[in-house]
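Student: Give me a 3D structure for the following:
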Amino acid sequence: MAETARTADQARAQAAAAAAQAAGTQQNAAVAGEDTFTAFAKGLSQASPTIRAKIAQQLKDAGIYRGKVSGEFNNRFYNALIEAEKRRTELATVIDVPNRFEFISGLALEGDGGAGDGGDGTYVSESISVITDEKAKALIDAVIQDQLGRKANAAEVARYTKLVKKAQKTAPTVSTSVRSGKRTTTTTTGGFDPGQYLVDQVAGTDEAKANKVLGFYEKFMRALGAD
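Tutor: Residues are numbered from 1 along each chain as shown. As a prediction, this is how the structure comes out:
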């Protein structure tokens, strides 16, 4: 029979323990033959601060533990353990997983690296910008006017809008950020220039080529003084 809580803190502790036990039993259903998560967490609560600090750092490197690393067994540490257990249990439904200590170590090596919480490391993100129909029409009109000397018709607007959007999706902008202490250096590469893309597309048409030849001919005749 559980001991009766005499203070509010004891009541909260007993409630948390009961919830943890229930969660631990459920979370370990996919990993047979092991102690429950509750037993694992309780063992860490009784371990040395040095061991807890090492695990907390691994959890921070994995992007799970938030805040300053310490050897304390507190809510921040416990919540990070729960998150790691959740990931491990989900993975265990499809493959064999290592023990909890090895799994946490592996999470750290995978390189989430504390993204979003100020941890050092290298982070890579991709973004895709897709042009709106209105902006595409305006750009297409401008390019065709420049290349062909006329306005774009409805069929051309529809065709080139579709081509631009498709090309944009295959050329994301890649940002690589290297974070060290309070300094972050970001390098951006890739991306897509819809204007240049349209110029290349329109300039390659038979109409554009014919206009170019005609333009050269007219300049040549003017140079000769012909009317």
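Student: Would you map the helices across this structure?
Tutor: 8-27, 37-45, 49-61, 75-92, 100-110, 133-148, 154-169, 194-203, 206-223 (DSSP state H).
Student: out of the ones you listed, deepest packed?
Tutor: helix 49-61 (a mean of 19; mean count of other C-beta atoms under 10 Å). (C-beta placed from N, C-alpha, C; glycine too.)
Student: That one - what's its average pLDDT?
Tutor: Averaged across helix 49-61, the pLDDT comes to 88.
Student: What is it packed up against?
Tutor: For helix 49-61, the packing partners by 3 or more C-beta pairs under 8 Å, 6 or more residues apart in numbering; DSSP states H and E come out as helix 37-45, helix 75-92, helix 100-110.
Student: quick one, that helix and helix 100-110 angle?
Tutor: Orientation note: helix 49-61 sits at an angle of 40 degrees relative to helix 100-110 (axes from the mean of the first three to the mean of the last three C-alpha atoms, to 10 degrees).
Student: hmm, back to that, let's have the helices of the chain in a markdown table, adding distance to residue 67.
Tutor: Below are those laid out as a markdown table (distance: least, C-beta to C-beta, whole Å):
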| stretch | distance to residue 67 |
| --- | --- |
| helix 8-27 | 19 |
| helix 37-45 | 17 |
| helix 49-61 | 8 |
| helix 75-92 | 6 |
| helix 100-110 | 16 |
| helix 133-148 | 43 |
| helix 154-169 | 38 |
| helix 194-203 | 43 |
| helix 206-223 | 60 |
